[in-house]
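Trainee: below is the structure, and that's it, no one-letter string:
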């Protein structure tokens, strides 16, 4: 199964932890990988990406928490699903079920996205999603096979 395979790889990173409650995430700077379940097709409306449609499935989103409150604050913002839409993931967060998240102090979201992209069956559903300021990654949103 792809999610355990992903977890096996992430668990090898120093300081990596998996949780469901954002209060368990460290307040340190680092990166996170949200593991999300989308039950129904979702048509997004994102000015910079157009109107892509996401099929149902298991998704991972890699992001960073480097400001005040670090990973705990950023993950908490996504889990609460409120507030104004600022990042690409905010469009998605309101329509998915959070399976959990990986928080890894001291790494970049690009490193976590790369790990997720290397899982067999992983693919990029929308080029540029979450990576508009990244010159390395094709996207920070990855869809995983459930098998």
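Mentor: It's in. Keep in mind it's a predicted model, so treat the numbers as computed, not measured. Numbers count the residues shown, from 1 in each chain.
Trainee: what lies in contact with the longest helix along the chain?
Mentor: Across the chain, the longest stretch assigned as helix under DSSP state H is helix 70-80. Residues outside helix 70-80 that contact it (Cβ atoms under 8 Å, 6 or more residues apart in numbering) are 22-23, 25-32, 34, 63-65, 67, 69, 83, 89-90, 93, 98, 101, 103, 105. For every residue, glycine as well, the C-beta is placed using N, CA and C.
Trainee: try it again with 6 Å
Mentor: 22, 25-30, 32, 65, 93, 101, 103 (Cβ atoms under 6 Å, 6 or more residues apart in numbering).
Trainee: okay, who's weakest in those by pLDDT?
Mentor: For those, the least confident position by pLDDT is residue 93, scoring 79.
Trainee: for that one, what are phi and psi?
Mentor: Per-residue torsions, residue 93: phi -60, psi -30 (degrees, to the nearest 10).
Trainee: ditto for the one 5 residues further on
Mentor: Dihedral angles of residue 98 (phi, psi; degrees, to the nearest 10) stand at phi -80, psi 120.
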